[in-house]
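J.: All I have is the shape, not the residue letters:
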């Protein structure tokens, strides 16, 4: 079972890395969009420091969302998704492998890039550790919820726009608590309650999202 | 019972008998409720006449959540038992629920302006209801996103179930967070904390809105069933 999981995950990673541009595209979208804010709001250091956590998180959310469409789309187009359905392992595990690969290819690079962007946005130094911690705790949740959206819209017209309509409302709680945690750290309050809720969301999404995404895939491919 | 009414024709025969009654009662309850709300009930000692917005706002909020809950139950029924009518009920309910959610947000905003001095605040109750509105829109969009209309039903049902996590968040948002929105005063363990002169018009309006939902729901169901029948006839013609 674990062997199938590892093989599937490695396959996705290898495909993405061989093609090369996927990870670079997500990160450069993240960087460029954050750069727009000082230009739009004005380079006032205090203003930027105030909105830094929110801007970094909102942009990370959008970057994850843009990458969701390709989670199942390329497999759907070349037909390999039919073979995935035929693997002896449960489909939920297959989906979880693809989600893990997606997180390694988008969530992880975002975590690495986030502190640099936070520095660009003049975020107070107390926030850095918590920003990385919230990213590490919450980006897996984003990939998990996103997989449900990607599976539901497989084969739909204008799937990309539809994913954002479905997934963004479900991302809002993650955004609220992640930004609240960073703000709490900056203003010297306890970040514990926010981190606990983020952890609870991950704990709930981990079993439920692969199950819902697998159900959607099974139906979509019949 | 459930399987007896799985047949759309049999269901519609019963529904068509019910429809004139629910439609008539809707008018009766709304007329009585509106008269009491606008003329017979007293003005609030603090809020003055603006309290009358409550008689639209609170029942609309209740409808927004109740319709989403029934959509989620219908979706679960259609996923588990493949009940053909449950699918159509969820599908017919979505636009009605979306409109009630919009009405709730709109009336709340109009009420907030004189009372809180602002049209909108980003507190937990308002934000979670806004998310509910987006969920309704997402559900309708997903339903219509596929070339084959029957293909969207199951993804939409899964989405309705996933989105149901929002309902308890809306209900308890006023208890879990410090919000500008007031906590619950009707559905409490120790009875409603509201004067009977204001409670009765509220109940009348809520019953009227529910009957309205049932009446319009039956009308929309009739349209859904006729639409499905036309599609099947067309398919039969091309094959035969």
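T.: Okay, I see it. Bear in mind the structure is a predicted one, so any value in this text is a computation, not a measurement.

J.: what about stretch A:153-162, average pLDDT?
T.: The average pLDDT for stretch A:153-162 rounds to 80.

J.: nope, stretch B:44-64 is what I meant
T.: What stretch B:44-64 shows for mean pLDDT is 87.

J.: give the contact list for residue 102.
T.: Using chain A. A:12, A:67, A:68, A:71, A:143, A:146, A:147 (CB atoms under 8 Å, 6 or more residues apart in numbering or on different chains). Just so you know, the C-beta spots here come from the backbone N, C-alpha and C atoms, and that holds for glycine as well.

J.: Let me rephrase: I mean chain B.
T.: Contacts for residue B:102 (CB under 8 Å, 6+ apart) come out as residue B:133.

J.: Give me the phi and psi angles of residue B:117.
T.: Main-chain torsions, residue B:117, degrees, to the nearest 10: phi 80, psi 20.

J.: Can you report how many residues neighbour it?
T.: By other CB atoms under 10 Å in any protein chain shown, 8 other residues sit near residue B:117.

J.: Please tell me how far it sits from chain A.
T.: Separation of residue B:117 from chain A (CB to the nearest CB, to the nearest Å) stands at 23 Å.

J.: What distance do you get for that residue to residue B:104?
T.: From residue B:117 across to residue B:104, the span is 20 Å (CB to CB, to the nearest Å).

J.: Let me see the mean pLDDT of stretch B:111-125.
T.: The pLDDT scores in stretch B:111-125 average 85.

J.: now stretch A:69-87
T.: What stretch A:69-87 shows for mean pLDDT is 84.

J.: mind checking pLDDT for residue A:150?
T.: In this prediction, residue A:150 carries a pLDDT score of 92.

J.: How about the contacts made by it?
T.: Residue A:150 sits next to A:68, A:69, A:71, A:72, A:73, A:163, A:213 when contact means CB under 8 Å, 6+ apart.

J.: if I pick the second one, what's in contact with it?
T.: Translated: residue A:69. A:150, A:159, A:160, A:163.

J.: picking up where we left off before, kindly write the PyMOL command that selects the buried subset of the contacts of residue A:102.
T.: In PyMOL, this line selects whichever of those come out buried by 16 or more other CB atoms under 10 Å in any protein chain shown:
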select buried, chain A and resi 12+67+68+71+143+146+147
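
J.: Which members of the contacts of residue A:102 occur in strands, if any?
T.: Residues of the contacts of residue A:102 located in strands (DSSP state E): none.

J.: Looking at the contacts of residue A:102, which is nearest residue A:171?
T.: residue A:146 (8.2 Å; CB to CB).

J.: hang on, the earlier thing: just the closest of the contacts of residue A:150 to chain B, please.
T.: residue A:213 (8.9 Å; CB to the nearest CB).

J.: rewinding a little: and the contacts of residue A:69, which of them are buried?
T.: Of those, these count as buried by 16+ other CB under 10 Å: A:150, A:159, A:163.

J.: nearest spatial neighbour of the last one, skipping sequence neighbours?
T.: Counting by CB to CB, 6 or more residues apart in numbering or on different chains, the nearest residue to residue A:163 once its immediate chain neighbours are dropped is residue A:149, at 4.8 Å.

J.: The one you found contacts residue A:168, correct?
T.: No: between residue A:149 and residue A:168 there is no contact under CB atoms under 8 Å: 9.1 Å.

J.: These two: which has the busier surroundings?
T.: Legend: neighbour count by other CB under 10 Å for residue A:149 and residue A:168, higher for residue A:149 (32 against 17).

J.: that older thread, put together JSON lines for the contacts of residue A:69, with secondary structure on each row.
T.: Formatted as JSON lines, these follow (DSSP: H, G, I helix; E, B strand; the rest coil):
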{"residue": "A:150", "secondary structure": "helix"}
{"residue": "A:159", "secondary structure": "helix"}
{"residue": "A:160", "secondary structure": "helix"}
{"residue": "A:163", "secondary structure": "helix"}
